[in-house]
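# I'd like to go over a predicted model; first the sequence, then the structure.
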Protein chains: 2
Amino acid sequence: MASSSSLTISQAIVSRTTPNTSATNSSSDRLSLPKRFTFTFFSGLKTSPSSSSSHPSRFPSRRLSSKSRSVIRSAAVETLEKTDTALVEKSINTIRFLAIDAVEKANSGHPGLPMGCAPMGHILYDEVMRYNPKNPYWFNRDRFVLSAGHGCMLQYALLHLAGYDSVKEEDLKSFRQWGSKTPGHPENFETPGVEVTTGPLGQGIANAVGLALAEKHLAARFNKPDAEIVDHYTYAILGDGCQMEGVSNEACSLAGHWGLGKLIAFYDDNHISIDGDTEIAFTESVDTRFEGLGWHVIWVKNGNTGYDEIRAAIKEAKAVKDKPTLIKVTTTIGYGSPNKANSYSVHGSALGAKEVDATRKNLGWPYEPFHVPEDVKTHWSRHAPEGAALEAEWNAKFAEYEKKYKEDAVELKSIINGELPAGWEKALPTYTPESPADATRNLSQQCLNALAKVLPGFLGGSADLASSNMTLLKMFGDFQKDTPEERNLRFGVREHGMGAICNGIALHSPGVIPYCATFFVFTDYMRAAIRISALCEAGVIYVMTHDSIGLGEDGPTHQPIEHLASFRAMPNILMLRPADGNETAGAYKVAVLNRKRPSILALSRQKLPQLPGTSSEGTAKGGYVVSDNSSGNKPDVILMGTGSELEIVAKAADELRKEGKAVRVVSLVCWELFEEQSDAYKESVLPAAVTARVSIEAGSTFGWQKYVGSGGKAIGIDKFGASAPAGKIYKEYGITAEAVVAAAKSLS
Amino acid sequence: MASSSSLTISQAIVSRTTPNTSATNSSSDRLSLPKRFTFTFFSGLKTSPSSSSSHPSRFPSRRLSSKSRSVIRSAAVETLEKTDTALVEKSINTIRFLAIDAVEKANSGHPGLPMGCAPMGHILYDEVMRYNPKNPYWFNRDRFVLSAGHGCMLQYALLHLAGYDSVKEEDLKSFRQWGSKTPGHPENFETPGVEVTTGPLGQGIANAVGLALAEKHLAARFNKPDAEIVDHYTYAILGDGCQMEGVSNEACSLAGHWGLGKLIAFYDDNHISIDGDTEIAFTESVDTRFEGLGWHVIWVKNGNTGYDEIRAAIKEAKAVKDKPTLIKVTTTIGYGSPNKANSYSVHGSALGAKEVDATRKNLGWPYEPFHVPEDVKTHWSRHAPEGAALEAEWNAKFAEYEKKYKEDAVELKSIINGELPAGWEKALPTYTPESPADATRNLSQQCLNALAKVLPGFLGGSADLASSNMTLLKMFGDFQKDTPEERNLRFGVREHGMGAICNGIALHSPGVIPYCATFFVFTDYMRAAIRISALCEAGVIYVMTHDSIGLGEDGPTHQPIEHLASFRAMPNILMLRPADGNETAGAYKVAVLNRKRPSILALSRQKLPQLPGTSSEGTAKGGYVVSDNSSGNKPDVILMGTGSELEIVAKAADELRKEGKAVRVVSLVCWELFEEQSDAYKESVLPAAVTARVSIEAGSTFGWQKYVGSGGKAIGIDKFGASAPAGKIYKEYGITAEAVVAAAKSLS
């Protein structure tokens, strides 16, 4: 109880009270600071009355000893903007009941968080945030991320009240139903007004870090002393679950390092997760950890009814310009439900008709389901005109800016609308078979640097492997706290955070194109973020080097085997494995063009020759004929490969041709793109009549049966790698031209 | 510099000195506390001499302001056990040069960490740890984990000096070569004496948490007031990279929560990662974060030569019984190399002949490569007899224990030697078609509870989804700080940490069998740990529920699509998707028997009928005929499915049979096991002559071509899921009996 001694009594006593015991006749009395109160103990729902506020020992000692060791400043009571408190409470209860009613109708969903977070949600969307509900994509809007995505009814209720066309009453009524705009977790690709896709915990706050990074970067590049053209905040709400996930610690460590002062995160500290009280698995001091991460930390002890505390905390957070702020808001999950509040049972299930009734009574809510009281509706109705005015004002500012800063305006416009500069792709290098052999990771760096010159929104970096992944943009410095205008991002050894941050960067504006890098095998660390890229249509470019046993001595922990297959199986992502310079350039062209589909480039550590017959155009088709000495689309055998093994295939073809065989060499650089080609094209590359087919790839053979067919042979690696020089492993594992020749001879 | 004012001058001045400037003629002088010193600045290698120790301002202010905000107690100078300091230094330099020479010979590897961490390595293996080099598997040994696995030459050098037969001189000379016992990262399955497989950063410390958990659990269950039969420490060394990874924060949060007092982790605080100084991406206060996580934190400011500081820190750590300890040891990476120390260039490349020579001169090392001086050899030679004595003493103690505590001894022996109790599998439930329909997640809980009764080493839990994954063992309570004898583990929302902790638990002793659980889609969060399970032969059982679109309303963020395929492509892991009770029981039988291969069970949220024809025996074969109305192994059509879709297949078969077709229904519950069957068996299930084949699975069709062949049809889902009631999505996505019937008719 170290920290509470410095608090006012009212601040101390309202912490973690339940509402039903303070109920009186008027709803505004009921939800203002209670005159009498109870403390809720952590073992269950039972409450124990206490008649004196001077007994801090009645707080459970275990919780407080572990959670409150460092002295965190409680938010001072000060008001940002005053609205009639009764109306505020009515609005907050509207939010609560929209959530309750929608979950009840769906008989599925999570009412607990919206009921507990309705106050901070109301204050954010009604009093603090700047947005235009009629244009959810207005560039300079404040961004909001519900990292605790299961509480999406909070956001849907807020979007509805604010006047977004995406969430009308019928959408609330079809919550979690087929084809609705209100899916079970927030999805940016379904619901305009939702910035990112959340649900898998911890990633949302990392997305928010990416959004705040993008703002800081663009502001530093484009703002002028007389024109602050980029200027918005990023808000997030995260819960205990998000706090436990490692990805949030990674991203928040970077946010502190980068000093993202316009990132303000609300931690819904409700002490409940699905398995019960967080005491069973989560007793760390989040405050102390965030102080260690370099954040400004504020504790709002009464998140249930302490509206002025919440307002004051936001004001204080905005005043801290060099650090992100965590506002820990202690709330009661399911606030208002007399029998289920403060328990896991309200987390992820409908309350049930009986408890909904009891909650209506308890909170004094006489309305029908889904009803928005007129005065609440009227109050919120100002956001449409106000938002339009905000955007118009900004548009005027931008028109001014365009006149004064022509070149900057052109770049910024490209970032805002996502239109790539004409002829950008001409910047990509081309190669001939005489060009020197090189690792595709090095060829990749040539492409990255070429693109950075022509694409204004291109930026990125590596998870502490820049010099191995070859990802540094030579014309730019490091994006750091004091040099945010630069474009080399340094993620440290934080792959998952990196991916989730890049999703946030990509979704900030259509023309921002982030890339990020690590060893291909460590996609395993960030797979959850890569999947969200694919799902939420974030065109992140994943630069994944050291793509096979070809990395050599580092051994099986570092050698990808199943990774190509595992991404080929993932929807809406392009898995590209270029073989040389032209294919690498082609892969980048594909990646840049696919703004709603992420790309993964698997690149070699080892040198590879520039092969005759490879091309950027072929790469864009995913699969194509690299060389062929047959006629009439009827080779004796088709040899297929990708990446570093295309060289092996070419050598085997030479060998077989010397022996008089008609051999076709096919590069299958991107299966997803190949599958999208016409049947006629596919037949022209892989004629059905030719069943003598051999594939080789230094990875799992899983999936290759599709192309080699029942009559063919897939050469690959279906066990883990080994630590030894690359050439030795290739030989021992049979990834050789001899093996291809032997297989081809056995078939044809 | 807040914290240094309380230090002795010698403690303050030796922090982060480089060795070359303090060189005198005698090697013992050279490495004792330097009389003159320099401070190394962080921007590069340049050093700046300072004549006075009273100028703490010469420390770079940025580093110190961010790293030292909280006052961490520096280790008091006190000696655990005194060995002649000159000999200690000689031993430490032996370790350094064994690492330098091995990396040089391989021309590949990481010399920097071994050179910097040699002092703590020496003290651990020579003065502190209890082990028997001639029996690396002695049950009660102290465990050591090199979480910063790239520094494996440190561990190989220590194992070599300590007398382990696995690392002889020739093994050091074949570092990173084909077939050697000294691969590029530590691999428990290659090198006896290595406890776990590390390299992918952050996971090693989580493995250590698992090892320490296992010790605490077994000690609580089996120790008696007169017999402390389980009693060892777990030590780990982790670096900046490990600290940045989210998985380490997850695991360390749990270690603090669980109060794992016998876990002692050394944080090699060398300020260098691959991309350069950690200033560019890692400026958080690790000390403060770990205090927040509930750890005891000690700072050894001079890890290079402060041997007594290191010893005192270990003593202090051991005295703290209720918390794990982090000993932050500030070291110089590549200590001893005059031109490369304290730079990223020494992290991951051979020093080169010239710098090796310079380092030999600088550290006064006149010996040939790989030479161990006689006095060092003699000094270390005591560990073989001492270790044998330790084990003999423990064996005697156990013999005594066995007499007094017969039943406990039987259980403990089974845990130690991994022999499963006779007839254990009879505890698994069996079902008939008349048994009630149920979700396989519920049937799984019946199996888990049955197994917990008969397998003494069976324990596990969920990542905050126990009530959804159905993983609670009803006869046991929660493993918590004060109830470590219990077997339900509460991991919180920390999937990656959970997996890596379970790897540590599994590798503690052959008979410890951990299971862990989350939603199947969240294997993405823990994939890196699951891959290590497969690689390092840890037989963890992954209980993965909500295995398809069948989970319904939570939507695409929660619905696995590509996950079955992605694990089928992974080496050495069993991907099981049982269809009903008998298959679920069969899957558990397989999982328990496979102690060197992890298993993943994909289980349904939704109810499924008990199907006629399913069996535990069939499940063990991976694929088998469930029903057939054909004769002569020549059905008209073969219908295949797994898990929840086997019911759909059965329905489709009924339909087709009504129309007079000869239809075979095949369950392909585990592809890996099916592939291991004889060709004759496989032909008996899937006769090559029958090309009319249809598969259905509520997931990616990727890979199914292998079984349906060029003439067949694979029905599945090659896009993301949707938020809606399960039945609706199944219908809209065409995962129906009608679709199977139509496909079958189109083929046969």
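In hand now; what should we look at?

# where in the stretch 151-300 of chain A is pLDDT low?
For the stretch 151-300 of chain A, no stretch has pLDDT under 70.

# All the helices of it, in order from the start?
Secondary structure of the stretch 151-300 of chain A (DSSP state H, counting those that start in this stretch): helices at A:152-162, A:169-173, A:203-222, A:240-244, A:246-258, A:286-292.

# In the stretch 401-550 of chain A, where is pLDDT below threshold?
By pLDDT under 70, the stretch 401-550 of chain A contains no weakly predicted segment.

# what's the burial count for whatever residue of it ends up closest to chain B?
Going by C-beta to the nearest C-beta, chain B is nearest to A:Gly492 of the stretch 401-550 of chain A, at 3.5 Å. Bear in mind the C-beta positions are built from the backbone N, C-alpha and C, glycine included. A:Gly492 is flanked by 28 other residues according to other C-beta atoms under 10 Å in any protein chain shown.

# Once you drop chain neighbours, what's closest to it?
Counting by C-beta to C-beta, 6 or more residues apart in numbering or on different chains, A:Gly492 lies nearest to B:Ala281, which is 3.5 Å off, once chain neighbours are set aside.

# which stretch among the helices of the stretch 151-300 of chain A comes nearest B:Pro436?
Nearest of those to B:Pro436, taken as C-beta to C-beta: helix A:240-244 at 33.2 Å.

# if we can go back for a sec, and the residue nearest to A:Gly492, what does it touch?
A:254, A:257, A:464, A:490-492, B:244, B:273, B:275 (C-beta atoms under 8 Å, 6 or more residues apart in numbering or on different chains).

# Go again with 10 Å.
A:253-254, A:257-258, A:461, A:463-464, A:478, A:480, A:489-494, B:240, B:244, B:273, B:275 (C-beta atoms under 10 Å, 6 or more residues apart in numbering or on different chains).

# And for A:Pro200?
When contacts are counted by C-beta under 10 Å, 6+ apart, A:Pro200 touches A:147, A:149, A:185, A:241-242, A:245, A:247, A:500, A:528-529, A:531-532, A:535, B:495, B:519, B:521-522, B:524-525, B:557-558.

# could I have stretch A:303-316 exported to PDB, CA atoms only?
What follows is stretch A:303-316, C-alpha atoms only, in PDB (Å, rounded to 0.1, in the frame of the first residue of the first chain):
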ATOM      1  CA  GLY A 303     -11.600   3.700 -14.200                       C
ATOM      2  CA  ASN A 304     -15.200   2.900 -13.500                       C
ATOM      3  CA  THR A 305     -16.400   6.300 -12.600                       C
ATOM      4  CA  GLY A 306     -13.400   8.500 -12.300                       C
ATOM      5  CA  TYR A 307     -14.000  10.400 -15.500                       C
ATOM      6  CA  ASP A 308     -12.000  13.400 -14.500                       C
ATOM      7  CA  GLU A 309      -9.100  11.200 -13.500                       C
ATOM      8  CA  ILE A 310      -9.200   9.700 -17.000                       C
ATOM      9  CA  ARG A 311      -9.300  13.200 -18.600                       C
ATOM     10  CA  ALA A 312      -6.500  14.400 -16.400                       C
ATOM     11  CA  ALA A 313      -4.400  11.400 -17.300                       C
ATOM     12  CA  ILE A 314      -4.800  12.100 -21.000                       C
ATOM     13  CA  LYS A 315      -3.900  15.700 -20.500                       C
ATOM     14  CA  GLU A 316      -0.800  14.700 -18.600                       C
END
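
# Report the distance from it to the chain centre.
Relative to its parent chain, stretch A:303-316 has a centroid offset of 28 Å by C-alpha atoms, centre = their mean, to the nearest Å.

# again with stretch A:575-591
25 Å.

# What's the local residue count around A:Ala353?
For A:Ala353, using other C-beta under 10 Å, the count is 9.

# Check the one 5 residues further on too.
By other C-beta under 10 Å, 18 other residues sit near A:Ala358.

# do A:Asp482 as well
9.

# that older thread, tell me the most buried of the helices of the stretch 151-300 of chain A?
helix A:246-258 (a mean of 30; mean count of other C-beta atoms under 10 Å in any protein chain shown).

# got the CA coordinates for that helix in PDB?
The C-alpha trace of helix A:246-258 is given here as PDB (Å, rounded to 0.1, in the frame of the first residue of the first chain):
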ATOM      1  CA  GLY A 246       6.000 -11.100 -25.200                       C
ATOM      2  CA  VAL A 247       5.300  -9.300 -28.400                       C
ATOM      3  CA  SER A 248       3.900  -6.300 -26.500                       C
ATOM      4  CA  ASN A 249       7.000  -6.100 -24.400                       C
ATOM      5  CA  GLU A 250       9.200  -6.100 -27.500                       C
ATOM      6  CA  ALA A 251       7.100  -3.400 -29.200                       C
ATOM      7  CA  CYS A 252       6.800  -1.300 -26.000                       C
ATOM      8  CA  SER A 253      10.600  -1.500 -25.500                       C
ATOM      9  CA  LEU A 254      11.100   0.000 -28.900                       C
ATOM     10  CA  ALA A 255       8.400   2.600 -28.400                       C
ATOM     11  CA  GLY A 256      10.300   3.700 -25.300                       C
ATOM     12  CA  HIS A 257      13.600   3.700 -27.100                       C
ATOM     13  CA  TRP A 258      12.100   5.700 -30.000                       C
END
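
# Around the residue lying closest to A:Tyr733 once chain neighbours are set aside, how many other residues sit close by?
Residue nearest to A:Tyr733 in three dimensions, not counting chain neighbours: A:Ile717, with 5.6 Å by C-beta to C-beta, 6+ apart. By other C-beta under 10 Å, the residues close to A:Ile717 number 23.

# A:Ile717 and A:Ala739 touch, don't they?
No: counting by C-beta atoms under 10 Å, A:Ile717 does not reach A:Ala739; the two are 11.6 Å apart.

# who touches both of those two?
Between them, A:Ile717 and A:Ala739 have A:730, A:733 as joint contacts when contacts are counted by C-beta under 10 Å, 6+ apart.

# Report the spatially closest residue to whichever residue of chain A sits closest to chain B, excluding sequence-adjacent ones.
Relative to chain B, the nearest point of chain A is A:Gly246 (2.2 Å; C-beta to the nearest C-beta). Nearest non-adjacent residue to A:Gly246, counting by C-beta to C-beta, 6+ apart: B:Gly246, 2.2 Å away.

# A strand includes the residue nearest to A:Tyr733, no?
No: under DSSP: H, G, I helix; E, B strand; the rest coil, A:Ile717 sits outside any strand and is assigned coil.

# Now do it, the pLDDT please.
With respect to pLDDT, A:Ile717 scores 98.

# what sits against it?
Taking C-beta under 10 Å, 6+ apart, one finds A:548-549, A:559-562, A:697-701, A:729-730, A:733-735, B:571 in contact with A:Ile717.

# if you set the cut-off to 8 Å instead, what comes out?
A:549, A:561, A:698-701, A:733, A:735.
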